[in-house]
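Participant: Sharing a model prediction with you, sequence too.
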Amino acid sequence: MGPVERWHEIRAPVEFDPSAYDSQIRMDVVRTHSSDKWFDPHRESICQVLNAFANTNIGFGYPQGLNFLVFPLWKVYYTSIPECAMLDTYYSLQFLVGALLSVYPVDKSDSAALDQLCVICAVVKLRSTTKYPNLRKKIFSKEYEPLIISLVSRMVPTMFANVYAVDDCVVLWDSILTKDSVLDAVIQCMVNLICLHHNVFEHLSLESCMVVVQESVPLTLNILSNSGYML
């Protein structure tokens with residue numbers, strides 16, 4: 001969005017009409033952070049933002065994952081300038097999707113996003129094993145490949161917003177958005193997450209590793225964010 005004092009220059013009017021994806025958007029918004037009651041009065045507005053995005057980006061539409069990106073944006077902007085929250089959230093969502101575009105499929109037949117996620121997996125493995133060489137035997141193996149792909153494909157497109165409480169996610173994004181490349185910063189978060197669990201990967205079986213990593217991720221991310229370890 002740039003400097004706050006210049007936001008008024010980019011708040012062009014937007015039509016917040018229903019899109020062809022309205023029913024799917026509404027289903028997703030209802031179940032996103034469903035236990036966070038702060039959002040209950042705001043879910044209709046969030047639906048309108050996502051519909052406007054889908055209407056504007058016709059070739060892109062509404063891939064699932066955007067629902068997680070919009071919630072932290074909405075809370076930040078609504079608690080800052082509520083009368084401008086719709087526009088500010090919409091334009092910031094456009095920015096985030098632009099930064100993450102390569103990991104989202106453009107349509108059902110688009111395989112480029114999966115190829116990009118595979119490249120990111122390779123980068124995560126390489127950076128992690130550079131710091132912890134003992135991980136090479138496991139995380140470069142075919143046996144562990146599905147686990148790495150699962151972690152990357154689940155967390156990178158949403159910038160961890162699907163595993164992190166909204167308020168904690170905002171803290172993490174404050175760090176990510178100071179970097180020159182949002183996508184690379186998110187990738188580095190994945191690397192740090194793997195590195196933090198290096199003993200788990202090195203010494204536990206695949207089944208135990210999956211359980212420990214999946215269940216500890218929200219707590220681990222909170223620890224990493226508060227300690228400044230993430231970036």
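Facilitator: Everything's here; your move.

Participant: Tell me, what's the model's pLDDT at residue 60?
Facilitator: Confidence at residue 60, expressed as pLDDT, is 89.

Participant: Now do it against residue 81, distance only.
Facilitator: 27 Å (Cβ to Cβ, to the nearest Å). All C-beta atoms are positioned from the backbone trio N, CA, C, and that covers glycine.

Participant: Compare neighbour counts for these two and give me the winner.
Facilitator: residue 60 (16 against 13; other Cβ atoms under 10 Å).

Participant: Can you verify my assumption that that one contacts residue 105?
Facilitator: No: the pair residue 60 and residue 105 does not pass the contact test of Cβ atoms under 8 Å, sitting 9.1 Å apart.

Participant: Which positions in stretch 157-173 come out as buried?
Facilitator: Within stretch 157-173, the residues scored as buried using 16 or more other Cβ atoms under 10 Å are 157-166, 168-173.

Participant: Map the structural domains onto the sequence of this structure.
Facilitator: Following automatic domain parsing, one gets these domains for the chain: 4-103, 112-227.

Participant: List the single closest residue to residue 51 in space, sequence neighbours excluded.
Facilitator: Once its chain neighbours are removed from consideration, residue 51 has its nearest residue in residue 19; the separation is 4.3 Å (Cβ to Cβ, 6 or more residues apart in numbering).

Participant: what's the answer for residue 144, then?
Facilitator: Once chain neighbours are set aside, the closest to residue 144 by Cβ to Cβ, 6+ apart is residue 138, at 5.2 Å.

Participant: So for the helix or strand hosting the one you found, what gets flagged as buried?
Facilitator: Secondary structure assignment for residue 138, by DSSP states H and E: helix 136-139. For helix 136-139, burial by neighbour count (16+ other Cβ under 10 Å) applies to 138-139.

Participant: For it, name the packing helices and strands.
Facilitator: Taking 3 or more Cβ pairs under 8 Å, 6 or more residues apart in numbering; DSSP states H and E as the contact definition, the neighbouring helices and strands of helix 136-139 are helix 112-131, helix 198-203.

Participant: Beyond it, next helix or strand please.
Facilitator: From helix 136-139 onward toward the C-terminus, using DSSP H and E, the following helix or strand is helix 145-155.

Participant: The closest residue to residue 143 other than its chain neighbours: what's it in contact with?
Facilitator: Counting by Cβ to Cβ, 6+ apart, residue 206 is the residue found nearest to residue 143 once chain neighbours are left out, at 5.9 Å. Listed by Cβ atoms under 8 Å, 6 or more residues apart in numbering, the contact set of residue 206 reads 143-144, 147.

Participant: So how do I select the buried members of these in ChimeraX?
Facilitator: Provided next is the ChimeraX selection string for whichever of the contacts of residue 206 are buried by 16+ other Cβ under 10 Å:
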select :144,147
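
Participant: I'd like the contacts of residue 206 as JSON lines, with pLDDT appended.
Facilitator: Written out in JSON lines, the entries for the contacts of residue 206 read as follows (pLDDT from 0 to 100):
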{"residue": "143", "pLDDT": "95"}
{"residue": "144", "pLDDT": "94"}
{"residue": "147", "pLDDT": "94"}
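
Participant: any low-confidence regions in this structure?
Facilitator: Counting by pLDDT under 70, the chain shows low-confidence ranges at 1-10, 222, 224-231.

Participant: contacting residues around residue 145?
Facilitator: Contacts of residue 145 were listed using Cβ under 8 Å, 6+ apart, and they are residue 121.

Participant: With the one 3 residues further on instead?
Facilitator: Contacts for residue 148 (Cβ under 8 Å, 6+ apart) come out as 121, 124-125, 139, 194.

Participant: what's the closest of those to residue 11?
Facilitator: Out of the contacts of residue 148, the one with the shortest distance to residue 11 is residue 124. That distance is 37.2 Å, counting by Cβ to Cβ.

Participant: Good, wrapping up.
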